[in-house]
Structure formats: C-alpha cells, structure tokens
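In: Fold the following for me, if possible:
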Amino acid sequence: MSQSGQNGTTAAPGDGEEHRLRRSLGFRDLVVYGLLFIAPMAPVGVFGTLDAKSHGAVALVYIVATIAMAFTAFSYAQMVRVVPQAGSVFAYARAGLGNGAGFIAGWMAMLDYVLIPAVAYLFSGIAMEALVPEVSRWVWTAIAVVVTTLLNLWGVRTAARVGFLVLAMEIVVLVVFVFTAIVVLAQDGTERDWLSPLSGDGTQGAFALSAVVGAVSVAVLSYLGFDAIATFAEEVTGGSAKVARALLFCLALAGVLFVAQTYLVALLEPVSSAQLAAEPERQGSAFYDAVDASVGTWLHDLVAVSKAIGAAFAALAGQAAAGRLLFAMGRDRRLPGVLSRTDSGVPRVALLVSAVITMAAAVWAARRDDGLDHLVSVVDVGALTAFTLLHASVVGWFVVRRRGGGAVSWWRHLLVPVLGAAITIAVIVEASGTAQVVGAIWLAVGLVVLAAQWGRRGDAKAAGA
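Out: Coordinates of the predicted model:
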C-alpha cells in the first residue's frame, strides 16, 4: 500500500524521498488524462472499417464494446482500491498473483503504454503534413514529442491543466459536429434508415450477430488508454476511491460520445457498408468523406485540425502513464532502479526514457509507408494480455488469497473478472496474425528476462547463505 508523506508525496513502503510521487491530482484531472488518452473522437479513424465489418450496425458495435470494456474497468476499480500504487496492472498482478505474474503484466503493458503514444504522435504528424505538406510528417511527429515531453517533465499538474484546454477544444468540435449533423438530418433527411446504425443497413444481407462481434474486436481498441488513470493512483488527493470513480466515469462518457457520433455519421454516410467492404481503401477516410459530402469542407477541416492537436495530447497522457509504469517497475527492481528516481515528485528519468523510446518508434514509423500498421499491430495484444492478467489478479486477491478484508462477493470478485478475461481473450484470438506473433515474441522475451532475474536473485541468496 502506498503511504503519504508530510510534503504530500507518496511511495511504496520502505522507499526513500527520492522515490516518492507528489499528490496533486483531483477527479477532474484524472478524467482529463483518461479522455485525452482515449480521444473523444477516436472512432473517426476506424468508422469505415467498423461500418463494413458490422454490415452497417456501427453504433450497436460501440454499445456492445462499451459493455465489454466495462468488465475491465470494474476490475480496475476493484484493484485500485486495495493496491493504490503507480504501477497499475503491474502492481495489481504482483499483489494478486505474485511477483512473476506482476512482471509479465507490466512487461506486456509496456507495449501499450510506451508505443501507443508513438501511434498518437504519428497520427498528429500525418494530420499536420496534410495541412502543411511542405514539412515532412516525421518532423511534425518529432516536434509533437518534444513539446509534450517538456510539459510532462514540468509536472503532472501542469500537463493536466494544458490537457484540459485541449480536451475542451475537442469536446467543442464534437459538439459542433453533433449539432450540425442534427440540423442537416432535420433539413435534408438521412442517407440510411434511422435504425440502421443499430440493426444494419441491409446491403450485406440480414442482421448478423457474428458480424457485430467481429467488429467489436476492433472497436474495443478505441478504448485503450482509459486504464491509464490507474497509473496516477499515488498522485491523487482524496484516496483511491476517486481513481475508481474516474475509471468508470471516463469509460461511460467515452461510450456515450462514441455511440452518438457513429450513429449520426452512419445516417449521413452516402456509401453503403457493402461498398465499403468491397473497397477497403475508402474505409480510412469514410468519416471525413461523409462529413464533407453532407456538411461541407469547413467541418472536415475543423475535425482534421482537432484530430491533429488531440492526437499529440493523447500521446502526452500516454507518455505520462508509461513513465509511471517504468517508475513502478524500477522501484520494484524489475527494471533498472534509476527509473524510480524522482525530482520534486516528478519521475523525470522514467519520463525521459519513455520519451526516447517513443520518439524513436514514432519517427521510424513516420518515415515508412507501412509504419502505422506495424505500430498498431504491436500494441494491441500487449494491452489485452495485461487486461487478462488484471482480471486474474482480482480472483487471486479476493478469492484465492482472501485479502479483501471481508466476505468474498462471487459476482464482483469471480463472475465479473472471469467474464472480463473471456472477453479480452476472445479479442486476442480475433486479432491479426501479425499482432499475435509480435505479442508472443514480446512475451517470450519477457519470460527470458524474468528467468534471468530469478537466476540472479537465487545466486544472491546462495552467496548470502
């Protein structure tokens, strides 16, 4: 359990002042970080893909995906109350399943926390290159990394304040889109039936539950990042219950935003789901094309600018979360101990290491035509594997070890995490072959590192004896 110092900093028991984080975040700050990482308009980039996969029932896909991810959010809320430490799933799996499982959970989560910011930075670079084509995307990508890293090094509270302004801008753009879409629909009518975003557009046959489930396996990736809230557990004022509430609130709000915008744009979409399925090259720009055709280029450009800025600050939140994960693993000596050092309560060493890795990955990807595909395939399986171990840690802590301090709740401590693990495993199975191979390789490397650590600790014990 973390402990509070007189100066408002926290650390795990036995850690010195140089390994403490400063408590300065409130409920709003947590929600800002969570929504920044997710991005309120995350469906923009995957709308066409989901529309084609689900046979037009894209809003239903996000309803199901929100319910599916609620199981993971609930497990996070259970564990953050009893293990309020900065390592998030690393700390939870270590407490509920043991040190080895904790290391593997943290190791797999690194693919998510360290490389998802690289994906977001690349999105920002691509958007800025479209607006200013004279400057290469890798230059814009590098600039975004530098600016957001400086904000993170300044401190979590400062970054949260700037992030709030960016998030407010994104919400305003989303509200403008929703209002404009409603006006256009009221004046000109719909391109598809009013219920089609929930039941399908009928161009690929009758409603197919299997098609919706297949699309959900892609849609849940829009939510990756809400769990980053848990990494700030040692920097929150008012206790870990606030973190749990922020997790659940952030997921619910994101779900409402995702369903609303996909429902509206599906009604505006002049291209059928069958056409999108037959012409996959049109899927990536389907959201923008629908807005352009029904409203005008001004809203298209407004959404594009918002995505460019929002993506950079999604990366800011991801980089901050990655820094806390590296900090926690360094403090536990699962990674080099220098990562656990702090300066005025800010884990600057861990943040800089995270920034360097992210910069290298993002710039490398920005200089390749297939760079985005490579990055995305890497991060997905890592996050979902960590989520699976999170669910297992709930069962391990409350049911197997009975450390909850009260009676076991069979629905909260067993049914929900088991169903949640089944969902994340199903999504892993549905993932691309490339993602599965990369995830398996990263897992194998982690097991080798873990075996080497056990070997060194065994030798140390033998020498001490």
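In: Please count neighbours and contacts with C-alpha atoms only from this point.
Out: Noted.
In: From R28, how far out is the residue most central in space within the chain?
Out: Central residue of the chain (CA atoms, centre = their mean): G225, 1.8 Å from the mean position. Using CA to CA, to the nearest Å, one obtains 16 Å as the distance from G225 to R28.
In: residue contacts, A206?
Out: When contacts are counted by CA atoms under 8 Å, 6 or more residues apart in numbering, A206 is found next to G200.
In: for it, phi and psi?
Out: The phi/psi pair for A206 (degrees, to the nearest 10) reads phi -70, psi 160.
In: what about it, distance to L60?
Out: Taking CA to CA as the measure, A206 falls 15 Å from L60.
In: Could you do G446 as well?
Out: In this structure, G446 lies at 37 Å from L60, with CA to CA as the measure.
In: which one of these two has more residues nearby?
Out: A side-by-side neighbour count of G446 and L60, using other CA atoms under 10 Å, places L60 first with 23 against 18.
In: H300: how many residues sit nearby?
Out: 18.
In: Can I take it that G406 is in a helix?
Out: No - assignment of G406 by DSSP: H, G, I helix; E, B strand; the rest coil gives coil, placing it outside any helix.
In: give the contact list for P270.
Out: Each residue near P270 by CA under 8 Å, 6+ apart is listed here: 191-192, 290.
In: Could you dump those into TSV and include pLDDT and secondary structure?
Out: Compiled in TSV, the contacts of P270 are given as follows (pLDDT from 0 to 100; DSSP: H, G, I helix; E, B strand; the rest coil):
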residue	pLDDT	secondary structure
E191	88	coil
R192	89	coil
A290	87	helix
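In: From these, pick the one nearest A254.
Out: Proximity of those to A254, judged by CA to CA, is greatest for A290, which lies at 21.8 Å.
In: Identify the residues contacting that closest one.
Out: Taking CA under 8 Å, 6+ apart as the criterion, A290 is in contact with 265, 268-270.
In: quick one: which of those is nearest V176?
Out: Nearest to V176 among the contacts of A290, with distances taken as CA to CA, is V265, at 13.1 Å.
In: Buried residues in the helix or strand hosting the closest one, which are they?
Out: Under DSSP states H and E, the secondary-structure element containing V265 is helix 241-268. Taking 16 or more other CA atoms under 10 Å as the neighbour-count basis, helix 241-268 is seen to contain the buried residues 241-252, 254-255, 257-259, 261-268.
In: Identify the single longest helix in this protein, thanks.
Out: Looking only at the chain and at elements set by DSSP state H, the helix with the highest residue count is helix 297-331.
In: Now the element after that one, going C-ward?
Out: Under the assignment DSSP H and E, the closest C-terminal helix or strand after helix 297-331 is helix 348-366.
In: quick one: V212 from L60, how far?
Out: Applying CA to CA, the value for V212 to L60 is 8 Å.
In: Ok, G406 next?
Out: 38 Å.
In: swap in A39?
Out: Computed with CA to CA, the distance linking A39 and L60 is 20 Å.
In: One more: G382?
Out: 26 Å.
In: to the chain's geometric centre, what's the distance from the longest helix of the chain?
Out: In terms of CA atoms, centre = their mean, to the nearest Å, the centre of helix 297-331 is found 10 Å from the chain centre.
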